[in-house]
Each structure stands twice: as structure tokens, then as C-alpha cells.
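> the following comprises the amino acid sequence and a computationally predicted model.
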Amino acid sequence: MKKLMNYLLQGILYIAPLGITLYIIYTVFNFVDGKVQKLIVQFFDFEIPGLGLVTLVLCLIVIGFLGRTIIARPLKLIVRKTVERVPLLRFVYSAFNDLFSAFVGKEKKFNQPVLVKVNLNSDLEKLGFITEENLELLDEKEKVAVYFPHSYNFSGELFIVPKINIKILDIPSTDVMKFIISAGLSGWEKRPD
């Protein structure tokens, strides 16, 4: 029973940020496309197709601008202080924060795709991303940290791999991530010669 509860909580932690975001976007879109559209028709006697979508995009741009310029600093400070006081919340917040900043932050971590020889006795190789090259903390000078995303999932595994078993790929990391997450079904984009 305890394991099931742990799985339930972990499932909620995985889908909550995405679910909440989608719900907010859906609600704003319905509000603008429904009530605001009716008000425009009532007062001006014409309908603007796509008003909900345009307004939603403009709202997200304004929120992004305000969040980055006016709101972000004090809000980040308040959130950081609150998060630091609650151990479980601190753990979850820092994990998600690190994950999102690895994809879209200033210090994108998944920018060096590699092909790693997993088994020295066969030609089995796995696609991944180098996330850390300096492993002096682990007393490993000839190894690097490689993250291997799972297909059809937002999870993965971190391996410490000898540098000799790694082949750096000259492919955009977004293409490699898409290829891995789709289990190879997305195929490769053809690049102009």
C-alpha cells in the first residue's frame, strides 16, 4: 500500500506542472474566445475569428515580459525563502528547476549529444547527452556524466562513462532528443548539403 501511495504521489509530481499549465491556458482561451467575443459582437456587431488564440499569445508574452522584468526578482526571493523552509518542497522545486533550466535556461545542459558504446563486447550503443565533464568530485578524471533520456517518457538515467567510449555527434541536440523520446520514430531531419 505504501508503494502505491509513493507511485501515486510521484505520478502527481510528474503531471501536475503540465496539467495546471494546460488547464490555465484552456481556461483563458475559453474565457477570451467566449465572453470577450460575445461582448465585441454585442457592442460592435462583428466577430473577430481567432481572437482567443491571439489574445492568449499576447497575454503569455506580456506575462513573460512582466515576469522577467518587474515580478521575477521579488517573487523568486519569496518563493526561494518559502521553498528553503520546507524540505520536501525544496527537493521537488530544485529538481524541476534544474531540469527545466537544463532545457531552456541560460546554461542549457543538453547541448552535447553523444553516442556511447554501452557494451565493449558488442556494438551496442546508446544516444545521450554529456551533462558534466569535470568529475573531480568523484575522483574520475577520464570519465564524464552522460544523461540517457527514456523513450516516451520524461525520465532518464545518468551514467558515468569513460571518455574513450563516447563519440561526439554533430547533430542538433533538439533533433537527438526528439529522436530518443519518440523511440526513433521521428526520424532525422534532412540537412542541406
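Received, thanks.
> now do the contacts for residue 25.
Residues in contact with residue 25, defined by C-beta atoms under 8 Å, 6 or more residues apart in numbering, are residue 56. The way it works is simple: take the backbone N, C-alpha and C, and place the C-beta from them, glycine included.
> just use 41 as the starting number from now, easier for me
Right, with 41 as the first residue, what we last looked at is residue 65.
> I'd like the distance between it and residue 94.
To residue 94, residue 65 is 14 Å away according to C-beta to C-beta, to the nearest Å.
> residue 177 now?
Computed with C-beta to C-beta, the distance linking residue 177 and residue 94 is 50 Å.
> between the two, which has more neighbouring residues?
Between residue 177 and residue 94, residue 94 has the larger neighbour count (other C-beta atoms under 10 Å), namely 13 against 7.
> tell me the spacing between that one and residue 197.
Applying C-beta to C-beta, one obtains 42 Å for the distance of residue 94 from residue 197.
> again, but for residue 161
Going from residue 161 to residue 197 by C-beta to C-beta gives 21 Å.
> show me which of those two is the more surrounded one.
Neighbour tally, residue 161 and residue 197, criterion other C-beta under 10 Å: the higher count belongs to residue 197, 11 against 5.
> report the contact partners of that one.
Contacts for residue 197 were tallied using C-beta under 8 Å, 6+ apart; they are 187, 188, 190.
> going through those, which ones are buried?
187, 188 (16 or more other C-beta atoms under 10 Å).
> return the member of the contacts of residue 197 nearest to residue 86.
Of all the contacts of residue 197, the one with the least separation from residue 86 (C-beta to C-beta) is residue 190, at 50.2 Å.
> wouldn't that closest one be in contact with residue 217 here?
No: Residue 190 sits out of contact with residue 217 when judged by C-beta atoms under 8 Å, with a separation of 11.5 Å.
> among the contacts of residue 197, which are in strands?
In this view, these that belong to strands under DSSP state E are 187, 188.
> tell me which residues of the longest helix along the chain come out buried.
Among the elements of the chain assigned as helix by DSSP state H, the one spanning the most residues is helix 42-71. Burial within helix 42-71, assessed by neighbour count using 16+ other C-beta under 10 Å, is assigned to no residue.
> show the subsequent helix or strand relative to that helix.
Downstream of helix 42-71, the next assigned helix or strand under DSSP states H and E is helix 77-84.
> pLDDT of the following helix or strand past that next one, averaged?
Toward the C-terminus, helix 77-84 is succeeded by helix 91-106 as the next helix or strand (DSSP H and E). Per-residue confidence for helix 91-106 averages out to 77 on the pLDDT scale.
> mean confidence score for the helix or strand following helix 91-106?
Of the helices and strands lying after helix 91-106 in sequence (DSSP H and E), the nearest is helix 112-125. In this model, helix 112-125 has an average pLDDT of 75.
> got the angle for helix 112-125 vs helix 91-106?
Relative orientation of helix 112-125 with respect to helix 91-106: 80 degrees, computed using axes from the mean of the first three to the mean of the last three C-alpha atoms, to 10 degrees.
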